[in-house]
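**Q** here's a sequence, model it:
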Amino acid sequence: MFSNLEQITVERTYSDEDEPKKLPQISIPYFRSRLNSSRRYSKFRCAGNDNHLRSWQQRVCVFNNICYNVNNQHFEYYRYPQIQPKPVFFDAAKRMLTEFSPNGDGKGFVLYSISRTPRWVFTWAPFMIDTAVPTENVTRLSNLHTLWKVSTNDYNIGHMIWEDFFMIYYAMERMQEFDDSIVIMHADKIPSHPLFKKLQKEILSALTPHPIVEQKTYLSSFKTRYVCFNRFIIGGSILLYQPRNTVIHHRDVESLLFNWRTMIIHHFKLDPKYIPTKHRITISNKTDSAWTRVARRNIANLNDIVKFVKQTYPTIEVNVVVWQKLSFREQVDIMLKTTIFITPSGGVSMMAPFLPIGAHIITPDFLSDRDMPGFKKGESVALEGNFWAYWPHVHKDYYQIFSRKEQVWDFANAAYSRDEASVIMNTTRLGMLIDKALEDMSP
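**A** Alright, predicted model coming up:
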């Protein structure tokens with residue numbers, strides 16, 4: 001099952017030309033007893049709060065020379081034998097810490113999955129071992145490896161592409177540890193959902209040619225007691241759809257997201273700098289929902305809207321797209337050639353980051369039927385407003401909702417306008433937004 005991958009990862013020897021990009025580090029011998037020692041010990045470095053152990057949600061770390069103990073089914077960190085253990089980490093309340101895991105259960109140091117509500121179960125920590133890295137009954141892996149878990153159950157492409165997959169790219173960029181053959185170990189059973197398989201094949205392959213492997217199955221396949229990693233990266237959780245005041249944000253998130261966008265476009269052999277020379281209006285026809293299997297959060301009067309746009313702007317090409325029928329390459333190609341994108345909110349709008357620089361997206365709000373963080377009942381709210389704040393190359397034109405008469409429930413017993421109502425768009429107001437976009441894109 002893993003034969004091809006084993007040939008790549010086990011005891012790989014790099015030349016100067018194909019050495020993975022990484023930061024040089026200080027390496028100066030000092031202790032006499034260790035000068036001639038061939039024994040290896042673990043090392044690590046992290047970004048994030050180094051003086052607050054429970055800040056695991058924002059932490060990202062690189063470990064060198066750690067091993068997975070197949071018999072005990074846990075990761076091990078090997079330090080020099082010590083009479084009095086030296087600190088490996090620090091905490092404002094607990095002071096100097098000599099273990100990564102506060103409870104000794106292999107958890108609590110870094111988060112390996114996007115967690116919208118921080119959950120201890122998705123945290124990780126290696127066990128501390130006071131000896132050198134094992135040298136017998138060992139498989140050594142030289143490729144960069146990561147432990148990761150998809151976070152969403154509905155496989156919304158927005159969360160998958162821009163949070164879950166981006167998390168891996170973001171961690172490598174933030175720690176300056178790169179490998180275009182990174183091995184992604186899924187922390188539990190790999191999802192079999194068709195959309196996840198499609199996303200893995202078409203989008204995640206921009207990061208690595210290797211398919212995701214199931215952690216325990218993969219590590220036990222080497223038939224040795226220990227599987228040791230030259231480089232192991234973990235963490236990088238960042239929530240892009242949450243209110244900004246609830247999450248610690250780091251510099252250059254916008255530029256890294258744009259670089260991830262560029263990497264995906266290059267992967268499809270398209271031009272990320274492409275600028276259209278004629279207008280094209282693309283309208284989403286949302287026909288399906290992963291939650292309800294029927295369209296929700298839709299444009300209720302879509303046929304009227306399409307007719308209006310075609311009649312009002314007869315010299316502009318208008319495309320109505322059912323996205324799930326297309327490959328992601330085809331979807332990205334359409335986006336790069338679009339100047340105005342009219343789409344409901346939700347997953348169908350999440351291809352908009354692939355729009356060319358200066359393009360416009362017109363997306364309807366929802367009328368809030370209750371108070372929620374940052375908004376009050378009765379206000380017109382953009383579902384992905386927090387996410388769009390990271391994409392300055394796209395102009396956002398919010399089609400705002402003025403009254404309940406502009407929404408219809410998507411199914412019987414629906415009661416939550418955020419997730420269960422579609423919008424009846426007013427053609428006069430829509431025309432104002434299209435005209436505004438055309439003015440903005442004029443010379």
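**Q** can you check the pLDDT for Val306?
**A** We have a pLDDT of 97 for Val306.
**Q** what separates the helix or strand that it is a member of from the chain centre, distance-wise?
**A** Using DSSP states H and E, Val306 sits within helix 302-312. Offset of helix 302-312 from its chain centre (CA atoms, centre = their mean, to the nearest Å): 35 Å.
**Q** with only the CA atoms kept, save that helix in PDB.
**A** What follows is helix 302-312, C-alpha atoms only, in PDB (Å, rounded to 0.1, in the frame of the first residue of the first chain):
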ATOM      1  CA  LEU A 302     -32.200  33.500 -10.300                       C
ATOM      2  CA  ASN A 303     -34.000  33.200 -13.700                       C
ATOM      3  CA  ASP A 304     -35.200  36.800 -13.400                       C
ATOM      4  CA  ILE A 305     -31.700  38.000 -12.500                       C
ATOM      5  CA  VAL A 306     -30.100  36.200 -15.400                       C
ATOM      6  CA  LYS A 307     -32.700  37.600 -17.800                       C
ATOM      7  CA  PHE A 308     -32.200  41.100 -16.400                       C
ATOM      8  CA  VAL A 309     -28.400  41.000 -16.600                       C
ATOM      9  CA  LYS A 310     -28.400  39.700 -20.200                       C
ATOM     10  CA  GLN A 311     -31.000  42.300 -21.400                       C
ATOM     11  CA  THR A 312     -29.400  45.200 -19.500                       C
END
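**Q** show me what counts as buried in the helix or strand just after that helix.
**A** Downstream of helix 302-312, the first helix or strand assigned by DSSP H and E is strand 317-321. Of the residues in strand 317-321, 318, 320-321 count as buried by neighbour count, 16 or more other CB atoms under 10 Å. The C-beta positions use only the backbone N, C-alpha and C, and glycine is treated the same way.
**Q** Gln324: neighbouring residues, count only.
**A** 15 (other CB atoms under 10 Å).
**Q** name the SS class of it, please.
**A** Secondary structure for Gln324, judged by DSSP: H, G, I helix; E, B strand; the rest coil, is helix.
**Q** give me the residues contacting the helix or strand Trp260 falls within.
**A** Following DSSP H and E, one finds Trp260 within helix 253-267. For helix 253-267, the external contacting residues (CB atoms under 8 Å, 6 or more residues apart in numbering) are 161-162, 166, 169-170, 173-174, 203, 205-207, 238, 240, 271-272, 332, 336, 353-354, 390-393.
**Q** distance to Asp252 for the buried residues of strand 317-321 - can I get that in TSV?
**A** Compiled in TSV, these are given as follows (distance: CB to CB, whole Å):
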residue	distance to Asp252
Val318	37
Val320	37
Val321	32
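**Q** which non-adjacent residue is nearest Asp179?
**A** With sequence-adjacent residues excluded and distances taken as CB to CB, 6 or more residues apart in numbering, Asp179 is closest to Leu144, at 3.6 Å.
**Q** repeat that for Thr282.
**A** Using CB to CB, 6+ apart, the closest residue to Thr282 is Thr338 (4.3 Å).
**Q** do I have it right that the one you found meets Gly358?
**A** No: Thr338 is beyond contact range of Gly358, at 11.4 Å (criterion: CB atoms under 8 Å).
**Q** count the residues that sit near Ser255.
**A** Ser255 has 11 nearby residues by other CB under 10 Å.
**Q** doesn't the residue nearest to Thr282 fall inside a strand?
**A** No: judged by three-state DSSP, Thr338 forms no part of a strand; its state is coil.
**Q** burial count for it?
**A** The number of residues packed near Thr338 is 26, by other CB under 10 Å.
**Q** residues contacting it?
**A** 276, 280-282, 319, 355-356, 359.
**Q** measure it to Cys46 for me?
**A** 41 Å (CB to CB, to the nearest Å).
**Q** swap in Ile182?
**A** Taking CB to CB, one finds Ile182 at 18 Å from Cys46.
**Q** more neighbours: the two, which one.
**A** Ranked by neighbour count (other CB under 10 Å), Ile182 and Cys46 place Ile182 first, with 22 against 17.
**Q** OK, contacts around the more buried one?
**A** 143-146, 168, 172, 207-208, 210, 233.
**Q** 7 Å instead, please
**A** Counting by CB atoms under 7 Å, 6 or more residues apart in numbering, Ile182 touches 143-144, 146, 207-208.
**Q** what's the closest of the residues you listed to His186?
**A** Thr146 (10.0 Å; CB to CB).
**Q** tally of neighbours for the residue nearest to Lys273 when sequence neighbours are not counted?
**A** Spatial nearest neighbour of Lys273, excluding adjacent residues (CB to CB, 6+ apart): Ile357 at 7.9 Å. Residues within reach of Ile357, counting by other CB under 10 Å, total 12.
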